[in-house]
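[1] Turn this into a model:
(one chain, ligands or ions: 2)
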Amino acid sequence: MMRLIPWCACAAVGAFLLTGHAGQLRSLTEGVYSDGQATRGETLYKAQCGECHGNAMEGTVGPPLVGDGFLSNWSGRPLAGLVDKIQKTMPFNQPGSLSRQQSTELTAYILQFGKFPAGKADLSEAALPQIVLPTVRTSAAPAAPTSAGTSLPPPEGNLAELMRAIAFPNANILFNLQLKDPGNQPKKPLASSPFDYVEWGATVYPGWLAVDQAAVALAESAPLLLTPGRKCQNGKLAPVDRADWKQYVAALVDVAKLAHRQSQARNYDAFIDISEKLNDACANCHKVYRDKGGTEGSGAARCQ
Ligand code: HEC
Ligand code: HEC
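    Ligands and ions are numbered 1, 2, ... in the order given. Model (predicted):
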């Protein structure tokens, strides 16, 4: 008897989930939102999104929200993910300010604009995980062949994310040498509480080791600035094939290699000059491709 009861319960739950799931799967072509809902989304869109994504969703500061590029970013993913993305990260300059309902209305408007048909009922929270965006084959970013005959995977992040992830923190470790000699730094005692992985990590690879690593990171990752298919935040492809772009990347690699050699020689004095060279290597490319037409973050004119 004791064994029989849990077995019965499991079977019942399993059967329930199976029918529940299959019964609710819906296609975007069935009309999954209402016109009224999309109209409410349109009002929100014009007030809060159009300035960055364009009134025709064509993309300006932010990427397009219509067309092949957008659809391939969301290929085969449930609508719940798109609503989450909007609610948790948009508007870019004020994330977290939209309610779930508003984010769903905005999603309905994006669907309407993308020519998916309207139906009678509003798109509901319960339906979001069951409706999947169409699967499209990506043409924009094929795997890049390399000289070794292997293929690089298509990029995961946009250029700004890659910059913030690798160029920014590692360049700052090198710039910091203007303020502190890594050879003279007392080993920091481990922060007692709360435990912090970053502080702890700095005690494992302290002083010059951190400088060696930063130089290697910059030198080795600069070629990622040449990965085909990498987009900028505004949805435009980074101009990785252009001769001047390649030169800017090569100049960054050169400074990073110089930094690595001097770091390994523990040659603190060399780093005043290296800081200046590194700053130039970043700024020369930024002047042309990032900050054109205004201050940092001017957006729409980037990467052209
Ligand atoms: C200040 C500019 C700005 C505003 C305002 C803004 N966005 Fe964005 N949006 C961006 C940027 C930049 C990105 C690319 C970076 C990212 O995905 O986080 C983006 C990305 C997105 C994406 C993902 C696109 C993709 O291809 O994956 C969606 C969806 C989106 N925004 C919707 C909205 C909606 C809806 C609003 C209005 C509530 C809005 N955004 C307001 C700048 C903005
Ligand atoms: C080959 C050109 C190039 C080089 C070299 C380069 N950058 Fe960038 N960087 C860009 C572009 C273009 C953007 C804007 C990306 C976008 O909008 O998606 C950018 C964006 C950034 C951002 C994000 C801030 C923002 O306004 O979006 C940071 C931080 C950054 N770069 C730091 C650096 C540092 C530090 C270096 C040098 C170690 C460096 N970059 C070298 C082209 C370059």
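
[2] switch to C-alpha atoms for all contacts and neighbour counts from now on
    Will do.

[3] Give me every residue in the stretch 201-304 of the chain lying close to ligand 1.
    Counting by Cα under 6 Å from any ligand atom, the stretch 201-304 of the chain comes close to ligand 1 at 233-234.

[4] Any regions of the stretch 201-304 of the chain where pLDDT drops low?
    In the predicted model, the stretch 201-304 of the chain carries pLDDT under 70 at residues 293-298.

[5] near ligand 2, which residues of it?
    Contacts of the stretch 201-304 of the chain with ligand 2, taken as Cα under 6 Å from any ligand atom, map to 232-233, 245, 248-249, 252, 281-282, 285-286, 289-290, 296-297, 303.

[6] Can you flag the buried ones in those?
    232-233, 245, 248-249, 252, 281-282, 285-286, 289-290, 303 (16 or more other Cα atoms under 10 Å).

[7] and of those, the nearest to ligand 1?
    The shortest separation between ligand 1 and any of those is 4.7 Å, and it belongs to Gln233 (by Cα to the nearest ligand atom).

[8] So what does that closest one look like in phi/psi?
    Reported as degrees, to the nearest 10, the phi and psi values for Gln233 are phi -60, psi -30.

[9] And for the one 5 residues further on?
    Torsion angles at Ala238 (phi, psi; degrees, to the nearest 10) stand at phi -60, psi 140.

[10] I figured it hits Leu159, correct?
    Yes. Using Cα atoms under 8 Å, Ala238 and Leu159 qualify as a contacting pair, with a distance of 7.4 Å.

[11] Spit out the residues that contact these two alike.
    Contact criterion Cα atoms under 8 Å, 6 or more residues apart in numbering; residues shared by Ala238 and Leu159: 230-232.

[12] which residues touch Gly157?
    Taking Cα under 8 Å, 6+ apart as the contact definition, Gly157 lies against 230-231.

[13] Let me know the secondary structure of it.
    coil (DSSP: H, G, I helix; E, B strand; the rest coil).

[14] Contacts only, for Phe271.
    Taking Cα under 8 Å, 6+ apart as the definition of contact, the neighbours of Phe271 are 174, 177-178, 259, 262.

[15] quick one: what helix or strand has it in it?
    When secondary structure is defined using DSSP states H and E, the element that contains Phe271 is helix 270-289.

[16] in that helix, what counts as buried?
    With burial defined by 16+ other Cα under 10 Å, the residues of helix 270-289 counted as buried are 271, 274-275, 277-278, 280-282, 284-286, 289.

[17] Surely Val128 touches Pro78?
    Wrong residue type there; residue 128 is Leu, not Val. Yes. In this structure, Leu128 is within contact of Pro78 by Cα under 8 Å, at 6.8 Å.

[18] near ligand 1 at all, stretch 88-100?
    Yes. Remark: stretch 88-100 sits within contact range of ligand 1 at 90-93, by Cα under 6 Å from any ligand atom.

[19] Mind checking which of these are buried?
    Among the residues of stretch 88-100 next to ligand 1, those scoring as buried are 90-91 (criterion: 16+ other Cα under 10 Å).

[20] Among the residues of stretch 88-100 next to ligand 1, which ones lie close to ligand 2?
    Restricting the residues of stretch 88-100 next to ligand 1 to those near ligand 2 - Cα under 6 Å from any ligand atom - leaves none.

[21] least trustworthy position among the residues of stretch 88-100 next to ligand 1, going by pLDDT?
    By predicted confidence (pLDDT), the lowest-ranked of the residues of stretch 88-100 next to ligand 1 is Asn93, with 88.
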